[in-house]
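Chemist: When you get a sec, could you give me coordinates for this:
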Amino acid sequence: MRASYDTLFAKAKGVLNQDPFSGHLFLFINSKRSSVKCLFYDGTGFVILAKRLEKGLFSRINPMYPGAVTMTAAEFALFFEGADLERRFISRSGSAPFVESPAENKKSFSVTTELQTPAM
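Modeler: This is a model prediction of the structure:
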């Protein structure tokens, strides 16, 4: 992905019909889904945030929905780490959607003490 400020600005304005000066973060994914670029206006100028994954691919973001997709900050953080967000949109048999973190980020903590309430 060779796009820089002017190209990403033009895509946000022309293709997406959005105002690049709005303060929204615009996410652009290459066709292989191995790298992403984000365009953001911080009030003083444009910022580009880029990432290429060493292993794996970025998740598809709701491939069945043709319109704009809004992500929360937490969902974007998971996406940027390489988590699978496809489960965000599909809930099987009434269960709540679940987003799993990448294997290298999983940590387990053991709880060894219990909370005690003071006696009155």
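
Chemist: Can you point out the buried residues in the helix ranked longest in the chain?
Modeler: Counting residues, the longest helix found in the chain (DSSP state H) is helix 73-81. Neighbour counts over helix 73-81 (16 or more other C-beta atoms under 10 Å) mark 75, 78-79 as buried. C-beta coordinates here come from the backbone N, C-alpha and C atoms, glycine included.

Chemist: what sits against the residue nearest the centre of the chain?
Modeler: When C-alpha atoms, centre = their mean is applied to the chain, the residue found nearest the centroid is Phe76 (2.5 Å). Neighbour list for Phe76: 25, 27 [criterion: C-beta atoms under 8 Å, 6 or more residues apart in numbering].

Chemist: and if you look at Ala73?
Modeler: Counting by C-beta under 8 Å, 6+ apart, there are no residues that Ala73 touches.

Chemist: show me where the chain has strands.
Modeler: 26-29, 35-41, 46-52 (DSSP state E).

Chemist: which stretches of the protein have low pLDDT?
Modeler: Scanning the chain with the threshold set as pLDDT under 70 gives 87-120.
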